[in-house]
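Q: just coords:
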C-alpha cells in the first residue's frame, strides 16, 4: 500500500558507511531554512520505545539470534508507523526516514538468509502495508563504506564479516531492480557535496511541486 495521505513518505537506504545519515542531516538543515514542513526519523529508533529497541539491536555485547533480530525490528516498526509516521503523513508532512522495511529485506533476508516471504508478511503486519513513495539507495562498495566508519566503536552489524556486507549490498540491488519506479540509486562514493546535489535534484523532480521544493536546487 503506497501512501494516500497529504504528506509524502521517503526512505533512505544503503550499506554501512554509505553516508546517508550525513546527507539527511544536510538536507534537513536546508529544508528548515526553506520552511518546508518535514520530519527526519530513523528505523529503528524513531520513538522512545524504538530507541530502547535500537540499543538492544546494535549493542555488540548482545548475542541476538537472527529471528530475534527480525522480530525486534518489526516491533520497532509497528510502534514507529503508528506513533509517528502515519500521523505526520496525515498532517501533510514530508517524512524522511533513515532506513525502513527494505533494510530488513537486505540485512535479514539477503544477509542472514531468512525467508523473504516471511519477512514481507511480518513487515505487512507491522506497518499495515505502508510503502514509501520513493526509496533512495546510497550505493557504495562494501569495503569502501566500512573503511569510512570510525575505528574502535563499531556496532554489532558493522562488525559482521565482509561477506555479510557483500550480500546486503547485492540484496539492495536486487530490491531496486524489482521496483524500479520506487527506487533511485545514488553513487555514494562521489564527494559529499555532489551526493547532496544529486539527492536534492531527485526530491525536486519527484516532489518539487507538492512540497514546494524548487529552492533546494537553487541553494548551496
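A: In hand now; what should we look at? Values in this document were obtained by computation on a predicted structure and should not be read as measured data.
Q: wait, doesn't residue 46 sit right on residue 82?
A: No: applying CB atoms under 8 Å as the test, residue 46 and residue 82 come out as separate, 11.2 Å apart. Bear in mind the C-beta positions are built from the backbone N, C-alpha and C, glycine included.
Q: Between those two, which is the more surrounded one?
A: Under the criterion of other CB atoms under 10 Å, the comparison of residue 46 against residue 82 puts residue 46 first, with 26 against 15.
Q: which residues does that one contact?
A: Neighbouring residues of residue 46 by CB atoms under 8 Å, 6 or more residues apart in numbering: 76, 80, 84-85, 97.
Q: tell me the SS of it?
A: Three-state assignment for residue 46 (DSSP: H, G, I helix; E, B strand; the rest coil): coil.
Q: Distance check, it against residue 121.
A: Residue 46 sits 22 Å away from residue 121, going by CB to CB, to the nearest Å.
Q: next one: residue 38
A: 31 Å.
Q: Looking at the two, which has the bigger crowd around it?
A: More crowded of residue 38 and residue 121, by other CB under 10 Å: residue 38, with 20 against 11.
Q: Doesn't residue 32 lie inside a strand?
A: No: membership of residue 32 in a strand is not supported by three-state DSSP, which gives helix.
Q: Run a quick neighbour tally on it.
A: 11.
Q: need the contact list for it.
A: No contacts exist for residue 32 under CB under 8 Å, 6+ apart.
Q: quick one: it and residue 94, what's the gap?
A: Using CB to CB, one gets 12 Å for the distance from residue 32 to residue 94.
Q: How about residue 7?
A: 6 Å.
Q: ok, the nearest residue to residue 42 once chain neighbours are set aside to residue 185 distance?
A: Among residues not flanking residue 42 along the chain, residue 98 sits closest, at 4.0 Å (CB to CB, 6 or more residues apart in numbering). Distance of residue 98 to residue 185, computed by CB to CB: 17 Å.
Q: again, but for residue 14
A: 10 Å.
Q: so what sits against both of those two?
A: Counting by CB under 8 Å, 6+ apart, the residues touching both residue 14 and residue 185 are 137, 139.
Q: what about those two, which has more around it?
A: residue 14 (27 against 17).
Q: Need the three-state assignment for the residue nearest to that one when sequence neighbours are not counted.
A: Residue nearest to residue 14 in three dimensions, not counting chain neighbours: residue 138, with 3.6 Å by CB to CB, 6+ apart. Here residue 138 is strand, with the state taken from three-state DSSP.
Q: Looking at residue 138 now. What's its pLDDT?
A: pLDDT, residue 138: 97.
Q: can you confirm residue 4 is in a strand?
A: No: under three-state DSSP, residue 4 falls outside any strand and is assigned coil.
Q: shift numbering so it begins at 20
A: Fine by me, first position is 20 from now on; the one you just mentioned is residue 23.
Q: How many neighbouring residues does it have?
A: 6.
Q: residues contacting it?
A: Taking CB under 8 Å, 6+ apart, one finds nothing in contact with residue 23.
Q: Next, work out how far apart it and residue 226 are.
A: In terms of CB to CB, residue 23 sits 15 Å off from residue 226.
Q: Give the bridge partners for residue 117, please.
A: residue 31, residue 61 (DSSP bridges).
Q: Name the next helix or strand following the helix-or-strand element of the chain with minimal mean pLDDT along the chain.
A: Across the helices and strands of the chain, mean pLDDT, DSSP states H and E gives its lowest value to helix 161-167, namely a mean of 69. As assigned by DSSP states H and E, the chain's next helix or strand after helix 161-167 is helix 181-197.
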